[in-house]
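# any chance you can model this:
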Amino acid sequence: MLLFGCGRFSNEDEKQEQKERIVCISKQYSEIIYALGAQQDIVAVDVSSTYPEEIKKLPTVGYHRALSAEAILAMNPTLILQDNNIGPEHVVKQLKDLKIPMKDFGKYQNTLAGTDSLIREMGAYFHKERAADSLCKKLDSDMKAALEAAGKYKDTVKVLIIHFGQASNQYLVMTKKSTAAKMIEWAGGRMAVDDEKGMKQISPEIVAKSDPDVILLTDFGYDRLNGSPEKIKELPGVSSTRAFKNNRIYRVEEHDMVYLGPRTGENVLNIQTLIHKDGQ
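Alright, predicted model coming up:
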């Protein structure tokens, strides 16, 4: 009996040791995993993985482009999920040399169809096909509602999204080449700034000259200013814009604007209510 009992507990310990320990280094992957209800084996994420709120309880292993091998190895990972946008290169090489399994999912286009395919592939990988199907149906339904509503607005609202900045008196803004631009367009608006890259540093003078109807400040900037009109008024170039004069500066979450995911349709609907508050 004693021998039998010891063997049983030994097997349980072995199973416990073999449990998957996943480090996820992709904010898009992280949100999808939680939306699927497949997060039980996630032990750490990168610092940009900030949705849903409960993910903030997990340890972080650094910024996805400035990773620390030591921080990752300290989590004893059995698998690293990454979207081929991680670095620096010497850290990636070190992880590969240590033969830690790394996985990425399909290289889909940054479109709604591509997002649907990614969700379904991840659903199949985590054996959450039914959840994936539900997420895709909701995404499709929300987007249809958003696009239908956008067609009813008379004017195209000009929107400036300030990610934040003020380093060297510059602002980091999102441009017409960004994922956010797609969402603004779907919501019935247009971006105030264009560039070859998705993000651009611009001066207060260019902010003033762009004269947007609406300014969206991501949480990084808005929260630092405590959401105070007085603090926002102090931002160079902002106070002369129509957005400021008409009290049309709003807070948005950075993670809602930089990638497409299961909540994209919901996020577009939320943006729509902000930029069309006057019904135009």
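
# give me the number of residues near the closest residue to residue 51 other than its chain neighbours?
Counting by C-beta to C-beta, 6 or more residues apart in numbering, the nearest residue to residue 51 once its immediate chain neighbours are dropped is residue 255, at 4.6 Å. In this view, the C-beta of every residue, glycine as well, is placed from N, C-alpha and C. When neighbours are counted by other C-beta atoms under 10 Å, residue 255 registers 22.

# from residue 21, how far off is residue 255?
Here the distance between residue 255 and residue 21 works out to 24 Å (C-beta to C-beta, to the nearest Å).

# secondary structure element holding the residue lying closest to residue 238 once chain neighbours are set aside?
With C-beta to C-beta, 6+ apart as the criterion, residue 238 has its nearest non-adjacent residue at 5.5 Å, and that residue is residue 244. The secondary structure element spanning residue 244 is helix 242-245 (assigned by DSSP states H and E).

# could you chop this protein up by domain?
Described in terms of automatic domain parsing, the domain architecture of the chain consists of the residue ranges 14-104, 140-275.

# got the end-to-end distance for the longest one?
Domain 140-275 has an end-to-end distance of 22 Å (C-alpha to C-alpha, to the nearest Å).

# stretch 81-96 too?
Distance between the boundary residues of stretch 81-96 (C-alpha to C-alpha) amounts to 13 Å.

# pLDDT wise, what is the residue lying closest to residue 38 once chain neighbours are set aside at?
Among residues not flanking residue 38 along the chain, residue 126 sits closest, at 3.7 Å (C-beta to C-beta, 6+ apart). The predicted local confidence for residue 126 comes out at a pLDDT of 98.

# then the one 5 residues further on?
pLDDT, the model's per-residue confidence, is 98 for residue 131.

# run the chain-centre distance for whichever strand or helix holds it.
Secondary-structure element containing residue 131, defined by DSSP H and E: helix 129-150. Shown here is helix 129-150, whose average C-alpha point lies 18 Å from the average C-alpha point of the whole chain (C-alpha atoms, centre = their mean, to the nearest Å).

# what pairs with whatever helix or strand comes next after that helix, and is each one parallel or antiparallel?
The element immediately downstream of helix 129-150 (helix or strand, assigned by DSSP H and E) is strand 157-165. As defined by DSSP bridges, the strand partners of strand 157-165 come to strand 171-174 (antiparallel), strand 189-191 (parallel), strand 214-218 (parallel).

# can you list those strands in CSV and add distance to residue 87 and mean pLDDT?
Supplementary listing: those in CSV, determined by distance: least, C-beta to C-beta, whole Å; pLDDT from 0 to 100:
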stretch, distance to residue 87, mean pLDDT
strand 171-174, 20, 93
strand 189-191, 28, 96
strand 214-218, 23, 95
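
# so which of those strands gets nearest residue 61?
When the strands paired with strand 157-165 are compared for distance to residue 61 using C-beta to C-beta, the nearest one is strand 214-218, at 22.8 Å.

# what does that closest one contact?
Around strand 214-218, the neighbours that count as contacts under C-beta atoms under 8 Å, 6 or more residues apart in numbering are 157-164, 189, 225, 232, 238, 241, 243-244, 248-254, 257, 271, 274-275.

# ok now that strand, how far from the chain's centre?
Relative to the mean C-alpha coordinate of its chain, strand 214-218 is positioned 16 Å out (C-alpha atoms, centre = their mean).

# what's the helix or strand just after it in contact with?
Moving toward the C-terminus from strand 214-218, the first helix or strand encountered (DSSP H and E) is helix 219-224. Applying C-beta under 8 Å, 6+ apart, the set of residues contacting helix 219-224 from outside is 162-165, 251-254.

# out of these, which one sits closest to residue 110?
residue 254 (16.9 Å).

# and the closest one, what does it touch?
Contact partners of residue 254, counting by C-beta under 8 Å, 6+ apart, are 50, 163, 218-220.

# what's the closest of those residues to residue 105?
Using C-beta to C-beta, the shortest approach to residue 105 within the contacts of residue 254 belongs to residue 50, at 20.2 Å.

# what's the distance between that closest one and residue 60?
Distance from residue 50 to residue 60, counting by C-beta to C-beta: 10 Å.

# next secondary structure after the helix or strand bottoming out on mean pLDDT in the chain?
Counting by mean pLDDT, DSSP states H and E, the chain has its least confident helix or strand at helix 2-17, which shows a mean of 44. Note on helix 2-17: by DSSP H and E, the next helix or strand toward the C-terminus is strand 22-25.
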